[in-house]
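>>> fold the following for me, if possible:
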Amino acid sequence: MAKDPVCKMEVDEKTAEYKSEYKGKTYYFCAPGCKKAFDENPEKYLTEETEYEED
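Predicted coordinates:
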């Protein structure tokens with residue numbers, strides 16, 4: 001399972017309809033709105049993800 005970087009939901013990579021490539025990595029999304037938000041500003045969500053991991 002992958003984690004949607006926008007809403008943090010668990011997403012199955014095998015069945016995910018929505019995905020994006022960014023800097024050589026594939027990100028999976030639960031819905032088109034999350035994919036759109038990520039595509040518009042991926043660094044915002046990747047920065048937040050890093051901050052969560054450090055806590």
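>>> ok, which stretches of the protein are helices?
32-40, 42-54 (DSSP state H).
>>> pick out the shakiest of those, pLDDT-wise.
Within the helices of the chain, confidence is poorest for helix 42-54, with a mean of 68 (mean pLDDT).
>>> isn't Tyr45 right up against Phe38?
Yes - Tyr45 is within contact range of Phe38, at 5.4 Å (criterion: Cβ atoms under 8 Å). Backbone N, C-alpha and C define where each C-beta goes, glycine included.
>>> which residues are in contact with each of the two?
Taking Cβ atoms under 8 Å, 6 or more residues apart in numbering as the criterion, Tyr45 and Phe38 both touch Pro5, Val6.
>>> please look at Ala16 and Lys3 and confirm they touch.
No - applying Cβ under 8 Å, one finds Ala16 not in contact with Lys3, separated by 11.4 Å.
>>> please name the nearest non-neighbouring residue to the spatially most central residue of the chain.
Centroid-nearest residue in the chain: Pro5, 3.1 Å away (criterion: Cα atoms, centre = their mean). Spatial nearest neighbour of Pro5, chain neighbours left out: Tyr45 (4.2 Å); criterion: Cβ to Cβ, 6 or more residues apart in numbering.
>>> ok, now which ones touch that neighbour?
Contacts of Tyr45 by Cβ under 8 Å, 6+ apart are Pro5, Val6, Ala37, Phe38.
>>> go again with 10 Å.
Applying Cβ atoms under 10 Å, 6 or more residues apart in numbering to Tyr45 gives the contacts Asp4, Pro5, Val6, Cys7, Lys8, Tyr22, Tyr27, Cys34, Ala37, Phe38.
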